[in-house]
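Colleague: Have a look at this fold, sequence not included:
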């Protein structure tokens, strides 16, 4: 072989290797699916959670796994957490943290939670509403402050999706209201919805002040399609996330031994066209199809979303 042929052969090999590397660098999908069947957590004295409402979370996880397979997620990249040991707060946080070094720019990371949810008084004063969003793990209350550092550690360009099928889960991903501009609102615009222990009016740290994010929620109680859908933009966060939840901060959602109403609504509407093919609806359009009234579902765009991500189909990897 002469020198010219050798160089041509080497160049061809390099091109083939480069193309293979490009192929290997295609976006991947990762998911952590949490179903808390029972909990011993007590977030407030003498305030216990009814495990009958979460008896069907295993069915919720089965439906989510089917949707992820439909979206071409690899089974090895999907981690279901269902046992008492797997659904402790520490195990959930570790499972999410384990994805930080794996996920690269362009990858899709999904965190799904089915279980109880609540709000607790903010103790570190980083939310001017005075309350933290809480997901109820098997052993204790998992506060949104604990999730926020994890979201911030993912590489820029990683697409995050959080789905919270829980009561009072409007902002369980964590909104740091100190990063948002305050706006004055007249008393007539304040919410008066009731919760188990307190009204929303009592929750405001400054009664004459609301937050721009909350105003966006308040002004979209019903969309043009008549569904009970609330939307919000939270552009201040350094990561990009689409967040959807089964309820407003002041409302509950339904669950039983047969599974939850919200996840079942996602599942049925996502498979309505062709169950064997990826969903052809955006996250928001899918939520608009779910009839949950009078309960309210939440859709939030968090951080500076890539325009393609914003308009992606539900759970689309690439």
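Modeller: Structure received. Model, not experiment: these values are computed from the prediction.

Colleague: residues contacting residue 165?
Modeller: 60, 112-115, 245-246, 253, 255, 260, 262-263 (Cβ atoms under 8 Å, 6 or more residues apart in numbering). Every C-beta, even on glycine, is put in place using the N, C-alpha and C of the backbone.

Colleague: Just grab the bridge partners of it for me.
Modeller: residue 114 (DSSP bridges).

Colleague: Quick one: neighbours of residue 274, just the number.
Modeller: Using other Cβ atoms under 10 Å, residue 274 has 10 neighbouring residues.

Colleague: Give me the phi and psi for it.
Modeller: Phi and psi for residue 274, reported as degrees, to the nearest 10, are phi -150, psi 100.

Colleague: cool, residue 107 as well?
Modeller: Dihedral pair for residue 107: phi -70, psi 160, per degrees, to the nearest 10.

Colleague: That one reaches residue 28, doesn't it?
Modeller: Yes: the criterion here is Cβ atoms under 8 Å, and residue 107 meets it with residue 28 at 5.0 Å.

Colleague: Residue 162 and residue 96 touch, don't they?
Modeller: No: if you go by Cβ under 8 Å, residue 162 and residue 96 don't touch, sitting 9.9 Å apart.

Colleague: where do the contact lists of these two overlap?
Modeller: Counting by Cβ under 8 Å, 6+ apart, the residues touching both residue 162 and residue 96 are residue 111.

Colleague: Okay, now the unreliable bits of the stretch 51-200 of the chain?
Modeller: For the stretch 51-200 of the chain, the stretches with pLDDT under 70 are 124-130, 170-200.

Colleague: Now with 90, please.
Modeller: Filtered on pLDDT under 90, the stretch 51-200 of the chain yields the residue ranges 118-133, 144-145, 167-200.

Colleague: Which parts of it are strands?
Modeller: Counting by DSSP state E, counting those that start in this stretch, one finds strands in the stretch 51-200 of the chain at the ranges 78-81, 108-114, 117-121, 131-136, 141-143, 159-165, 182-184.

Colleague: got CSV for those, with distance to residue 33 too?
Modeller: Shown next, in CSV, are the strands of the stretch 51-200 of the chain (distance: least, Cβ to Cβ, whole Å):
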stretch, distance to residue 33
strand 78-81, 5
strand 108-114, 5
strand 117-121, 16
strand 131-136, 13
strand 141-143, 15
strand 159-165, 9
strand 182-184, 37
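
Colleague: which one of these lies closest to residue 55?
Modeller: With Cβ to Cβ as the measure, strand 108-114 is the member of these nearest residue 55 (11.2 Å).
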